[in-house]
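Trainee: sequence and predicted structure, then a few things I'm wondering about:
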Amino acid sequence: MRCPHGLAWFAVAILSVFIESASAQGWLTDQSYRPNSQSLAPLPTVPDQGLLEPPPPLEPELPPSVFDQPRQVELADHTPPTTVWAYPWTWFPTDGWSNSVELGINGSDGNAQSFSFQTGARFKRETDFTLFDFRVTHNRTNANGVETQNNALMYADFERFLGDSAWTSFVKNGLEYDEFRAFDLRYNINAGLGYGFYRTDRLTVVGRLGAGASREFGGPDDAWSPEALLGGDYEHQVTDRHKLIVKVDYFPEWSNFNNFRLVSDVAWEYLVDEEGNLSLKLGANDRYDSTPNGLKPNDINYSALLLYKF
């Protein structure tokens, strides 16, 4: 392995060359000390004339240096930098985001010992053209030293608005991990069209219809299964402090509609501290599977969480 000090000496050498070149530019620019072209001839001896004025510079000014050019990544009016793939910090836009993190803890000790927690995050960005919604939650419970719950859910939705029309196109992704399911991971991807029945700052009612596929990795049904999608969202800012959220998605198999999944989310948010952006969130998540492979078809998570928005 090469000695890392070689890179340091290389950097020092480049820096010294840069400093020397900068000093050379200053030396070439400042020509006031240079003598007159007639300096070899004897100077006149007029006592009342004093010293001669310095001659004008040889050139009006040197051409501009590349170091004096403004950066092209940022605009002149100090607006956010444009997207340049050579700069990773410009890959992700910084406008239009409404994000939140949540945490809830419950436990007991004594004759019965239990501890449970739920944590999650949501990253949402809406513009005039697109809507991106990413959600992730994790639940874990231990009772008397025995783990009774351990699951993680991830949803990533992308929606494209079609101009002034109420119709939209969407792509939905879902990833599910559950220690107490018959599979290791379940992934689904669906695409289709949505329709905004009502979209305002305080009320959103959206329906969607599409198709896709899902697969249960590490389970008895480890194969891709084509499925349809029928769902909808309801978000209502009832007052400045109260908000109601309902999400429902129905996934039937194309080959047999008796085999289906139903994912439902219901949440109520109450703004506790307006300056701190803290809210109380009460919610429930129900995941129903008509083919549970010997287990119960329903898995329901109840939660009381502290929500922080940023």
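Mentor: That came through fine.
Trainee: and the protein, what are its domain boundaries?
Mentor: 5-69, 97-309 (automatic domain parsing).
Trainee: ok, which of the ones you listed comes nearest residue 86?
Mentor: Closest approach to residue 86 among the domains of the chain is made by domain 5-69 (16.9 Å; Cβ to Cβ). (Each C-beta comes from the backbone N, C-alpha and C, glycine too.)
Trainee: just the domains of the chain: most buried one?
Mentor: domain 97-309 (a mean of 15; mean count of other Cβ atoms under 10 Å).
Trainee: now the strands: where do they sit in this structure?
Mentor: 97-108, 114-126, 130-143, 146-161, 167-178, 185-199, 203-217, 225-236, 242-252, 260-273, 278-289, 298-309 (DSSP state E).
Trainee: what about the fourth one, average pLDDT?
Mentor: To tie it back to what came earlier, the one meant is strand 146-161. Here strand 146-161 scores 94 as its mean pLDDT.
Trainee: now the strands of the chain in CSV, with distance to residue 86?
Mentor: Listed next are the strands of the chain as CSV, based on distance: least, Cβ to Cβ, whole Å:
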stretch, distance to residue 86
strand 97-108, 24
strand 114-126, 23
strand 130-143, 24
strand 146-161, 25
strand 167-178, 28
strand 185-199, 31
strand 203-217, 35
strand 225-236, 38
strand 242-252, 39
strand 260-273, 40
strand 278-289, 40
strand 298-309, 33
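Trainee: lowest-pLDDT helix or strand in the chain?
Mentor: helix 5-29 (a mean of 44; mean pLDDT, DSSP states H and E).
Trainee: for the spatially closest residue to residue 308 that is not a sequence neighbour, list the residues it contacts.
Mentor: Leaving aside its chain neighbours, residue 308 sits nearest to residue 101 (5.4 Å; criterion: Cβ to Cβ, 6 or more residues apart in numbering). Neighbouring residues of residue 101 by Cβ atoms under 8 Å, 6 or more residues apart in numbering: 119-122, 307-308, 310.
Trainee: equivalent analysis for residue 287, please.
Mentor: Taking Cβ under 8 Å, 6+ apart, we find residue 287 in contact with 176, 261-263, 298-300.
Trainee: and which of those residues is nearest residue 242?
Mentor: Among those, and counting by Cβ to Cβ, the member closest to residue 242 is residue 300, at 23.4 Å.
Trainee: any idea how far residue 249 is from the residue nearest to the closest one when sequence neighbours are not counted?
Mentor: In space, and not counting its chain neighbours, residue 300 is closest to residue 286: 4.9 Å by Cβ to Cβ, 6+ apart. Look at residue 286 and residue 249: by Cβ to Cβ, to the nearest Å, they are 11 Å apart.
Trainee: and for those two, which residues touch both?
Mentor: Listed contacts common to residue 286 and residue 249 are 262-264; contacts here mean Cβ under 8 Å, 6+ apart.
Trainee: what's the mean pLDDT across stretch 259-278?
Mentor: 95.
Trainee: what comes into contact with it?
Mentor: 174, 214, 227, 240-253, 279-291, 306-310.
Trainee: cool, stretch 203-212 as well?
Mentor: 168, 170, 172, 188-199, 226-237, 254.
Trainee: what do you get if the cut-off is 7 Å, keeping everything else the same?
Mentor: Outside stretch 203-212, the residues within contact range by Cβ atoms under 7 Å, 6 or more residues apart in numbering are 170, 188-198, 227-236.
Trainee: please report how far the closest residue in space to residue 310 that isn't next to it in sequence lies from residue 194.
Mentor: Counting by Cβ to Cβ, 6+ apart, the nearest residue to residue 310 once its immediate chain neighbours are dropped is residue 99, at 5.5 Å. Between residue 99 and residue 194 the distance, using Cβ to Cβ, works out to 23 Å.
Trainee: picking that back up, which stretch in the domains of the chain has the least confidence?
Mentor: Taking the mean pLDDT of the domains of the chain, domain 5-69 comes last: a mean of 50.
Trainee: beta partners of the most centrally placed residue in the chain?
Mentor: Central residue of the chain (Cα atoms, centre = their mean): residue 123, 6.3 Å from the mean position. Beta-bridge partners for residue 123, by DSSP bridges, are residue 99, residue 134.
Trainee: again with residue 235
Mentor: In beta-bridge terms (that is, DSSP bridges), residue 235 pairs with residue 204, residue 245.
Trainee: quick one: residue 149 and residue 138 touch, right?
Mentor: No - in this structure, residue 149 is not within contact of residue 138 by Cβ atoms under 7 Å, at 10.4 Å.
Trainee: ok, residue 155 - contacts?
Mentor: 135, 174.
Trainee: next one: stretch 254-265 to chain centre, how far?
Mentor: Its chain's C-alpha centre and that of stretch 254-265 lie 31 Å apart, by Cα atoms, centre = their mean, to the nearest Å.
Trainee: correction: stretch 233-253
Mentor: Using Cα atoms, centre = their mean, the offset of stretch 233-253 from its chain centre is 22 Å.
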